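> Predicted model and sequence follow; I will ask about them next.
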Amino acid sequence: MLPDDRGHFGPYGGRFVPEALIAALDELDAHYRKAMADPEFTGEFERMLRDYAGTPSLLYDATHLSAHVGGARILLKREDLNHTGAHKVRNVLGQALLTKRMGKGRVIAETGAGQHGVASATAAAYLDLECVVYMGEVDTKRQALNVARMKMLGATVIPVTTGSRTLKDAINEALRDWVTNVDDTHYLLGTAAGPHPFPAMVRDFVRGIGVEARAQCLALTGALPDAVAACVGGGSNAIGIFHAFVPDADVRLYGFEAGGDGIETGRHAASITGGSHGVLHGSRSYLLQDEDGQTIESHSISAGLDYPSVGPEHAWLHDQGRARYQPVTDAEAMDAFALLCRTEGIIPAIESAHALAGALRVLPALREELGHEPTVIVNLSGRGDKDMHTAGEYFGLFDSGEVIG
Amino acid sequence: MSASVAFEKARAEGRAALVGYLPAGFPSVAEGIGAVKAMIESGVDLVEIGLPYSDPVMDGPVIQRATEQALAGGVRTRDVLHTVEAVAGAGVPVLIMSYWNPVEKYGVDAFARDLAAAGGAGLITPDLIPDEAQEWLAASDAHKLDRIFLVSPSSTDERIAMTVAHCRGFVYATAVMGVTGARDSTSSAAPTLVARVKAAAGNLPVGVGLGVRSGAQAAEVGAYADGVIVGSALVSALADGGLPALRTLTQDLRSGLTP
């Protein structure tokens, strides 16, 4: 069972952090293991997920989309219908509940576009915790509405003005806060990355996505799916839906990274397909770096995928060949975004549109290989309301009022 | 020349050693070399050369700004090694302080080899703990380099003992919970931490870092530690007042340690 007790997934993961944080990580690891074995904790976590967050999310048989595409049965795991509009609520509720159990009164979080910040502020409001969110100054300007949502929920938002002033710098600043205030503060990390135990702990809080999808697929179709597809930035929604399927060797797992303008342009966020081995933000994985090991800024139309590294378990699944990772460009993702809007009346997060675009791309080869019509689950990890500014600009909806299609 | 040489010399003079930090490439590679030389002439016993890195999670605003400027100026890992080489003949041991990824990217053994060839004494690793350091332990043995790991007030006695057992040259005690940066008062946690480390360290010197900015504070820390590590205050002096301010502060710090 991975990771090992020091957080390694093969050569990946581990702890590359200042010694000052080791005691806190050990404490967190001990509390998390105990909590996951305590029915009182897991029962309360399940209750919150069911009564407050609205899970299990639907596995929706996307017949209109399937008919349009032809030759495949596409099932959408509707994480977009969860409270706060994405899979992320599972992680924040788990970590916030654990924070209470540890007797700490304050959580800090990093956020890029603001989704994890909003989710953290939500969980903090629900569980009566003080919440401070670090957000790159560039992002606070791009995402003013999410800043307002966090403030409305009672969180303090601190713009980060160092480095590239985006997500990776917000993580740096959150780590600096944590090392200073670790006694009464939990760092509510937003993805399945970072130092041990975060990759395993975040996975365990979001793995319900795959557990539900697996059972729902069996109930709906009488069989396991032929493939499962998810987008991969840091990788929490992907590891969440993959994990329950990893032992099912016949179920193909596809992770679609943000290809930005295309891998060949250098402007992308595809850490596995376009990066190399290294250490960033506390663990060893794949990352975007120059020949001196300096982090290279990532680029993606999707803020949620715009991160220059990836969780260590994905690096491991990639090296094992258990999951296949491929880039999806901005343009491919936006085509899929528009297609889902028109065929199913569902506006997906642009992140999730990467998963759909990738799935549609691999369908013909998969059908060929299987010799029958494949059943594919696509993790619709979030809804697209937050992306309407980006989509409106991309499709020229604001200037001309033109209808696309 | 191992860092321990500097501590022995200071100990023989009945005082704590002064350890000065400056990042390479700040404000430029050539001027950075000049600044380190000025610091040595003004009385530091041991030099730490910072390797500028894009994601310095242990550093406060002063060092962040300086290293950002160095990176914007195009500083490379080879420039950091060149800086070591340029100052290694000045009579005091020279260490590099680096976050782990640039070392790993360079190649751990290659980095150790080239650092030793440049005349460097060893490496301080703020985000590498001995638990993850197998490759570096081997490379530092092969190239006879000091390896300085950090301990903190939150470290358990077991971790202090384990960390100290892997250190060579000295042990770096981060006296406050937090990032680098000058503070008005030094930490009350520091004497306790140093006593705990000394109980485990035997003869290995203990250097205390984070927060010192004046001769008076240096004297306070030097009363219980073997070495007083100063970083942000020196970087600020260089940034705001150039070499004259750097020399003045170094002399002030050094005089605080003179018995």
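Looks like it arrived, so ask away.
> Please look at A:Met102 and A:Leu28 and confirm they touch.
Yes: under the criterion of C-beta atoms under 8 Å, A:Met102 makes contact with A:Leu28 at 7.4 Å. No exception for glycine: its C-beta is placed from N, CA and C like everyone else's.
> So which of those two has more stuff around it?
A:Leu28 (24 against 17; other C-beta atoms under 10 Å in any protein chain shown).
> So which residues on the stretch 151-300 of chain A come close to chain B?
Counting by C-beta under 8 Å from any C-beta of the partner chain, the positions of the stretch 151-300 of chain A adjacent to chain B are A:162-163, A:168-169, A:172, A:175-176, A:179-183, A:278-282, A:289, A:291-295.
> Let's see the PyMOL selection covering just the buried ones among those.
The PyMOL selection below is limited to those of these classed as buried (16 or more other C-beta atoms under 10 Å in any protein chain shown):
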select buried, chain A and resi 162+163+168+169+172+175+176+179+181+182+278+279+280+281+282+289+292+293+294+295
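> among the residues of the stretch 151-300 of chain A next to chain B, which are in strands?
Using DSSP state E, A:Gly278, A:Val279, A:Leu280 are the members of these that sit in strands.
> Export those residues as TSV, with columns for pLDDT.
As requested, these are exported to TSV (pLDDT from 0 to 100):
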residue	pLDDT
A:Gly278	98
A:Val279	98
A:Leu280	97
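> how about those in CSV, adding distance to B:Ala38?
Output for those, formatted as CSV (distance: C-beta to C-beta, whole Å):
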residue, distance to B:Ala38
A:Gly278, 35
A:Val279, 34
A:Leu280, 35
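> low-scoring pLDDT stretches of the chain, where are they?
Assuming you mean chain A. Along chain A, segments meeting pLDDT under 70 span A:400-405.
> Chain B was what I was after
B:182-187.
> Quick one: neighbours of A:Asp204, just the number.
Neighbour number of A:Asp204 under other C-beta under 10 Å is 21.
> would you put the C-alpha positions of the helix or strand that contains it in CSV?
Element membership of A:Asp204 [criterion: DSSP states H and E] is helix A:198-206. This file holds the C-alpha atoms of helix A:198-206, laid out as CSV (Å, rounded to 0.1, in the frame of the first residue of the first chain):
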residue,chain,number,x,y,z
PHE,A,198,-0.7,15.7,2.4
PRO,A,199,-0.7,13.6,-0.8
ALA,A,200,-2.1,10.6,0.9
MET,A,201,-4.4,12.5,3.2
VAL,A,202,-5.9,14.6,0.5
ARG,A,203,-6.3,11.5,-1.7
ASP,A,204,-8.2,9.8,1.1
PHE,A,205,-10.5,12.7,1.6
VAL,A,206,-11.4,12.9,-2.1
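> Need the contact partners of that helix.
Contact with helix A:198-206 is made by A:3, A:7, A:9, A:13, A:28-29, A:32, A:36, A:45, A:87, A:90-91, A:93-95, A:189, A:191-193, A:236-237, A:239-240, A:243, A:282-283, A:311-313, as judged by C-beta atoms under 8 Å, 6 or more residues apart in numbering or on different chains.
> Select only the buried ones of these in ChimeraX?
Buried members of the contacts of helix A:198-206 can be picked out in ChimeraX with the line below, counting by 16+ other C-beta under 10 Å:
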select /A:3,7,9,13,28,29,32,45,87,90,91,93,94,95,189,191,192,193,236,237,239,240,243,282,283,311,312,313
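> show me what contacts residue 28?
Chain wasn't specified; assuming chain A. Counting by C-beta under 8 Å, 6+ apart, A:Leu28 has contacts A:Leu98, A:Met102, A:His186, A:Pro197, A:Met201.
> ah, I was thinking of chain B
B:Gly73.
> Figure out the helix or strand that the nearest residue to A:Thr111 once chain neighbours are set aside lives in.
Closest residue to A:Thr111 apart from its sequence neighbours, by C-beta to C-beta, 6 or more residues apart in numbering or on different chains: A:Gly117 at 3.2 Å. Following DSSP H and E, one finds A:Gly117 within helix A:115-126.
> what distance separates that helix from the centre of its chain?
15 Å (C-alpha atoms, centre = their mean, to the nearest Å).
> Not counting it itself, show me its contacts.
A:48, A:52, A:83-86, A:88-89, A:91-93, A:95-96, A:107, A:109-111, A:129-131, A:133, A:135, A:146, A:149-150, A:153-155, A:157, A:188, A:190-191, A:304, A:382, A:386.
> Could you pull out the helices in the stretch 101-250 of chain A for me?
A:115-126, A:137-142, A:144-152, A:167-181, A:198-206, A:208-221, A:236-242 (DSSP state H, counting those that start in this stretch).
> Just the CA trace of the third one, in CSV.
Backbone C-alpha positions of helix A:144-152 (Å, rounded to 0.1, in the frame of the first residue of the first chain) are rendered in CSV as follows:
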residue,chain,number,x,y,z
ALA,A,144,-12.2,39.8,-7.8
LEU,A,145,-15.6,38.0,-7.5
ASN,A,146,-14.0,35.0,-5.7
VAL,A,147,-12.1,37.5,-3.4
ALA,A,148,-15.5,38.9,-2.5
ARG,A,149,-17.0,35.4,-1.9
MET,A,150,-14.1,34.5,0.5
LYS,A,151,-14.6,37.8,2.4
MET,A,152,-18.3,37.3,2.5
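> tell me the angle of it relative to helix A:115-126?
Interaxial angle, helix A:144-152 versus helix A:115-126 (axes from the mean of the first three to the mean of the last three C-alpha atoms, to 10 degrees): 20 degrees.
> can you list the residues that contact helix A:144-152?
Contacting residues not belonging to helix A:144-152 are listed as A:111, A:113-115, A:117-118, A:121, A:131, A:133, A:135, A:140, A:157, A:386 [C-beta under 8 Å, 6+ apart].
> Mind checking which of the residues you listed are buried?
For the contacts of helix A:144-152, buried by 16+ other C-beta under 10 Å: A:111, A:113-115, A:117-118, A:121, A:131, A:133, A:135, A:140, A:157, A:386.
> Who are the contact partners of the closest residue to chain B within chain A?
Chain B sits closest to A:Gly293 of chain A, with a gap of 3.0 Å, by C-beta to the nearest C-beta. Going by C-beta under 8 Å, 6+ apart, A:Gly293 touches A:Gly278, B:Tyr53, B:Thr77, B:Asn101, B:Pro102, B:Val103, B:Glu104, B:Lys105, B:Tyr106.
> from memory the first one sits against A:Arg284, does it?
Yes: contact status for A:Gly278 versus A:Arg284: in contact at 7.1 Å, counting by C-beta under 8 Å.
> what touches both of those two?
With C-beta under 8 Å, 6+ apart as the test, A:Gly278 and A:Arg284 reach no residue in common.
> Near chain A, which residues of chain B? Just list them.
Proximity of chain B to chain A (C-beta under 8 Å from any C-beta) is limited to residues B:53-58, B:60-61, B:64, B:68, B:71, B:76-77, B:100-106, B:126-129, B:131-132, B:149-156, B:159, B:163, B:174, B:177-179.
> and those, which of them are in strands?
Secondary structure assignment by DSSP E places B:Leu150, B:Val151, B:Thr174 of the residues of chain B next to chain A in strands.
> of all of the stretch 51-200 of chain B, which residue lies closest to chain A?
B:Lys105 (3.0 Å).
> circling back: can you select the buried ones from the contacts of helix A:115-126 in PyMOL?
Per 16+ other C-beta under 10 Å, the buried members of these correspond to this PyMOL selection:
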select buried, chain A and resi 48+83+84+85+86+88+89+91+92+93+95+96+107+109+110+111+129+131+133+135+146+149+150+153+155+157+188+190+191+304+382+386
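> the helices in the stretch 251-400 of chain A, which residues?
With DSSP H, counting those that start in this stretch as the criterion, the stretch 251-400 of chain A has helices at A:271-274, A:312-320, A:330-344, A:350-370, A:388-394.
> what about those, which gets the closest to B:His82?
helix A:271-274 (30.8 Å; C-beta to C-beta).
> List the contacts of that closest one.
Residues beyond helix A:271-274 that count as contacts (C-beta under 8 Å, 6+ apart) turn out to be A:232, A:255, A:257, A:259, A:263, A:268, A:285-288, A:298, A:307-310, A:314-315, A:318, A:325-327.
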